[in-house]
Structures are given as C-alpha cells and as structure tokens.
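In: Please find the sequence and the predicted model below.
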Amino acid sequence: MATAVAEFILPDLEELPTPTLLRYLPQILPVLARLVTVPSPEVRRHVQTMLLRVCPLVAPRGPEGPPEIRPNKGEV
C-alpha cells in the first residue's frame, strides 16, 4: 500500500495546480496529517513536500511576519 501511495497518489497530488489544491484542501489536509507517521520514508518525503506547499496557502504570512500575540488586559 505504501508503495502505491508513494509512487502514484502523492506525486499526482504534488502536480495539482494551486486552485485545484485549494478546492480539495479540506479533504487532502487530514489525509496528509495521518500519513506523517507512516513507516515508509518515501511516503513521508512526499508528505513533507506537500505540507511545505500547503502551509503557506493555509496560513499566509504578510510582509511584516506573523502577528504579535498579546494577552488581553488583566491576563498574564
């Protein structure tokens, strides 16, 4: 199973155009998360590539960087 995932499924996902990837991201991201811990290093490499591509789409960062997290007044 890992061989099929590594050879056919994940490489095809890597080739998806960004608009298509965004459309199916709610279905793709949970599957990628489950594949992070599989024993196959080849599958994990593909998953890493996909996550590096997906993360900026999910949590874009502006030129000023991530927003500062400030506690509410009275909180420490």
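Out: All right, it came through fine.
In: where does this protein have low pLDDT?
Out: Counting by pLDDT under 70, the chain shows low-confidence ranges at 62-76.
In: Quick check, central residue of it?
Out: For the chain, L51 is the residue whose C-alpha lies nearest the centre (Cα atoms, centre = their mean; 2.8 Å).
In: Surely V43 is in contact with V5?
Out: Yes: assessed by Cβ atoms under 8 Å, V43 is found in contact with V5 at 5.5 Å. Where you see a C-beta, it was placed from the backbone N, CA and C, and this is true even at glycine.
In: Check which residues of stretch 34-47 are buried.
Out: By 16 or more other Cβ atoms under 10 Å, the buried positions in stretch 34-47 come out as 35, 43-44, 46-47.
In: Next, the distance between the ends of that stretch.
Out: End-to-end distance for stretch 34-47: 10 Å, by Cα to Cα, to the nearest Å.
In: contacting residues around it?
Out: 2-3, 5-6, 10-11, 13-14, 32, 51 (Cβ atoms under 8 Å, 6 or more residues apart in numbering).
In: What subset of these is buried?
Out: Buried subset of the contacts of stretch 34-47 (neighbour count, 16+ other Cβ under 10 Å): 5-6, 10, 13, 32.
In: Most widely separated two among these?
Out: Among the buried ones among the contacts of stretch 34-47, the pair separated by the greatest distance (Cβ to Cβ) is A6 and L32, at 13.2 Å.
In: need the contact list for the residue nearest to the centre of the chain.
Out: 32, 36.
In: SS state for it?
Out: Three-state call for L51 (DSSP: H, G, I helix; E, B strand; the rest coil): helix.
In: thinking again about what came up before, so which of the buried residues of stretch 34-47 sit within strands?
Out: Among those, no member falls in strands (DSSP state E).
In: Need those in a markdown table (columns: distance to Q27).
Out: Output for the buried residues of stretch 34-47, formatted as a markdown table (distance: Cβ to Cβ, whole Å):
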| residue | distance to Q27 |
| --- | --- |
| L35 | 13 |
| V43 | 18 |
| R44 | 20 |
| H46 | 17 |
| V47 | 15 |
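In: which one of these sits closest to P26?
Out: For the buried residues of stretch 34-47, the closest approach to P26 (Cβ to Cβ) belongs to L35, at 16.1 Å.
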